[in-house]
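Novice: Sharing a model that was predicted from the sequence below.
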Amino acid sequence: MYRRLLRAPLRPVTYSRWLHLCVPVLLLAIWLFIAPEMPWMPLLIVVPLGFVPWVRTAEGLQAQFLLAPYERDGPDGTISAEPSARWGDRWRTLVWLETRMLFASVALSVTVWLPVTTVDLIGFALGAGPNEDLDWLLPSPLSPWVALLLAPLPLVLLMVIVVLLGELITLVAGLLLGPSAAERLTALEARTEQLLERTRIARELHDSIGHALTVAVVQAGAARAAGDPEFTARALSAIEETGRAALEDLERVLLVLRESPQPASQRPTLAEADRLLESARASGAAVDAELTGPLEKLPGPVTREGYRILQEALTNVLRHCGPVPVRVRVGMADGRLELEVTNPLPERPSVSTGAGSGLRGMRERASLLGGEAETGPHAGGWRVRARLPLERIR
């Protein structure tokens, strides 16, 4: 506590809180000039204002900037700037206005009285003669040297009172202007949506960019090993096409991150699965694909997430097993989308056992749609199997 008091004169928030305490003094001063015989009238004047919804917003913004400026950019601020939505918020705003007026009267008194006391002490020390205002405070007779030594004490006391009043008014603001339960729930939902969006974007980048880089690395390595100009030309063409698709995905994600008003390109769907299959074939994998049913009529979330699951499954095959035979089956049965990708494992596979972000991402995508995804060894090879419900999504 003592350290905070010693550091207080160096902290900008000390003076911003002092300013906040003194703002209502303007109303008090005007009213005392008009009707000094009724100093309590400002307490009644602010009563109707407490029930105006936007007054809570104005008071909250002022408290955020002057009382707790360090919380403005944080997600867990103790002071809300939302308008009053319920009667409980209006009553709390009214209590806050009344409390603020009382704090202002105290701040006005100490701000005027203590500096005046210092001036009187300095004047007495310089030979201005006795001052009746000091009789109740200091013993008489008082030496001028003693008065000069005591002159800074009222200013030190003023700083202590200002710091304590600032801390107290900030605490009261958190209690009376703090977010209500409904506002906290709304903020929590917004943060949850933001985290879900960030997770989705991270999966999008992992799947699209990871797939493009894997195809490019495999194609470049195969072209260098083959030494065939015709094969090299096909490899470069596949790298170009995959890179262009990855750039489109990256641009779309960046537009989302920047909150650009321009419409982002549509996410790829299973109707475009041939692009993935051809990319895997161009990388040397023998892909046996069977896509049945009207894939173009699938619900949007299912076809988009199904595309990403298929993309990640093929990427893992190329990354961990190389150009091996791959069996792809995509179809609809019993009100759900069935997606299965199987491949043999090499003698020394580098396939993860399920802890990788790509495998976890496939399971998360399926789970968000109410489905399931299984990844792991199967019949001497590796299998990715996803089941995504259709009726529930529609």
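Specialist: Here it is on my side, so go on. Computed from a predicted structure; not experimentally measured.

Novice: okay, CA-based contacts and neighbour counts for the rest of this
Specialist: Fine.

Novice: For the stretch 201-350 of the chain, just list every one of the helices.
Specialist: Listed in chain order, the helices of the stretch 201-350 of the chain (DSSP state H, counting those that start in this stretch) span residues 229-257, 273-282, 300-316.

Novice: One more: the stretch 51-200 of the chain?
Specialist: 53-66, 87-125, 144-150, 153-176, 181-226.

Novice: returning to that earlier point: would TSV of the helices of the stretch 201-350 of the chain with mean neighbour count be doable?
Specialist: Output for these, formatted as TSV (neighbours: other C-alpha atoms under 10 Å):
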stretch	mean neighbour count
helix 229-257	17
helix 273-282	19
helix 300-316	23
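
Novice: follow-up on the earlier one: out of the helices of the stretch 51-200 of the chain, which comes closest to G376?
Specialist: When these are ranked by proximity to G376, the top entry is helix 181-226, at 18.6 Å, counting by C-alpha to C-alpha.

Novice: From L155, how far out is the residue nearest to Q62 when sequence neighbours are not counted?
Specialist: In space, and not counting its chain neighbours, Q62 is closest to H20: 7.8 Å by C-alpha to C-alpha, 6 or more residues apart in numbering. If you measure H20 against L155 using C-alpha to C-alpha, to the nearest Å, the figure is 19 Å.

Novice: coming back round to it: residue contacts, the residue nearest to Q62?
Specialist: By C-alpha atoms under 8 Å, 6 or more residues apart in numbering, H20 lies in contact with 62-63, 66-67.

Novice: Turn these into TSV, including neighbour count.
Specialist: Below are the contacts of H20 laid out as TSV (neighbours: other C-alpha under 10 Å):
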residue	neighbour count
Q62	16
A63	23
L66	22
L67	28
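
Novice: Max pairwise distance over those residues: which two?
Specialist: Q62 and L67 (7.8 Å).

Novice: thinking again about what came up before, tabulate the helices of the stretch 51-200 of the chain (a markdown table), appending distance to V324 and mean pLDDT.
Specialist: Rendered in a markdown table, the data for the helices of the stretch 51-200 of the chain read as follows (distance: least, C-alpha to C-alpha, whole Å; pLDDT from 0 to 100):
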| stretch | distance to V324 | mean pLDDT |
| --- | --- | --- |
| helix 53-66 | 61 | 89 |
| helix 87-125 | 66 | 86 |
| helix 144-150 | 91 | 80 |
| helix 153-176 | 63 | 89 |
| helix 181-226 | 12 | 70 |
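
Novice: Mind putting those into TSV with distance to E37?
Specialist: Listed next are the helices of the stretch 51-200 of the chain as TSV, based on distance: least, C-alpha to C-alpha, whole Å:
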stretch	distance to E37
helix 53-66	28
helix 87-125	15
helix 144-150	35
helix 153-176	27
helix 181-226	42
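
Novice: To P268, which of these lies closest?
Specialist: Put simply, out of those the one that sits nearest P268 is helix 181-226, at 10.1 Å, with distance taken as C-alpha to C-alpha.

Novice: To what extent is V95 buried, counted in neighbours?
Specialist: When neighbours are defined as other C-alpha atoms under 10 Å, V95 has 17 of them.

Novice: So it sits against A173, correct?
Specialist: No - counting by C-alpha atoms under 8 Å, V95 does not reach A173; the two are 10.4 Å apart.

Novice: follow-up on the earlier one: give me the distance between the residue nearest to Q62 and A107.
Specialist: Computed as C-alpha to C-alpha, the H20 to A107 distance reads 10 Å.

Novice: what is the rounded mean pLDDT of stretch 232-239?
Specialist: Within the predicted structure, the mean pLDDT of stretch 232-239 is 78.

Novice: now what about that stretch, what contacts it?
Specialist: Counting by C-alpha under 8 Å, 6+ apart, stretch 232-239 makes contact with 212, 215-216, 219-220, 223-224, 226, 279, 282-283, all of which sit outside it.

Novice: okay, among these, which ones form the most distant pair?
Specialist: Among those, the pair separated by the greatest distance (C-alpha to C-alpha) is A212 and A226, at 20.8 Å.

Novice: Between those two, tell me which one has more neighbours.
Specialist: Using other C-alpha under 10 Å as the criterion, A212 and A226 rank with A212 on top: 24 against 12.

Novice: contacting residues for the more buried one?
Specialist: When contacts are counted by C-alpha under 8 Å, 6+ apart, A212 touches 239, 242-243, 246.

Novice: and what of L153?
Specialist: By C-alpha under 8 Å, 6+ apart, the contact list for L153 reads T118.

Novice: quick one: it from F124, how far?
Specialist: Taking C-alpha to C-alpha as the criterion, L153 is separated from F124 by 15 Å.

Novice: do the same with A366
Specialist: The separation that A366 has from F124, given C-alpha to C-alpha, amounts to 84 Å.

Novice: Equivalent analysis for P24, please.
Specialist: Applying C-alpha to C-alpha, the value for P24 to F124 is 33 Å.

Novice: How about P294?
Specialist: Summarising the geometry, the distance separating P294 from F124, computed by C-alpha to C-alpha, is 98 Å.

Novice: Neighbour count for these two, which is higher?
Specialist: For P294 versus F124, the count of surrounding residues by other C-alpha under 10 Å is larger for F124: 21 against 10.

Novice: Run a quick neighbour tally on V215.
Specialist: The tally of other residues near V215 (other C-alpha under 10 Å) stands at 26.

Novice: My guess is it contacts E278. True?
Specialist: No - the pair formed by V215 and E278 falls short of the contact definition of C-alpha under 8 Å, at 11.0 Å.

Novice: before we move on, the earlier item: dump the contacts of stretch 232-239 into JSON lines; add distance to S80 as well.
Specialist: Supplementary listing: those in JSON lines, determined by distance: C-alpha to C-alpha, whole Å:
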{"residue": "A212", "distance to S80": "46"}
{"residue": "V215", "distance to S80": "50"}
{"residue": "A216", "distance to S80": "51"}
{"residue": "Q219", "distance to S80": "56"}
{"residue": "A220", "distance to S80": "56"}
{"residue": "A223", "distance to S80": "61"}
{"residue": "R224", "distance to S80": "62"}
{"residue": "A226", "distance to S80": "66"}
{"residue": "S279", "distance to S80": "53"}
{"residue": "A282", "distance to S80": "57"}
{"residue": "S283", "distance to S80": "56"}
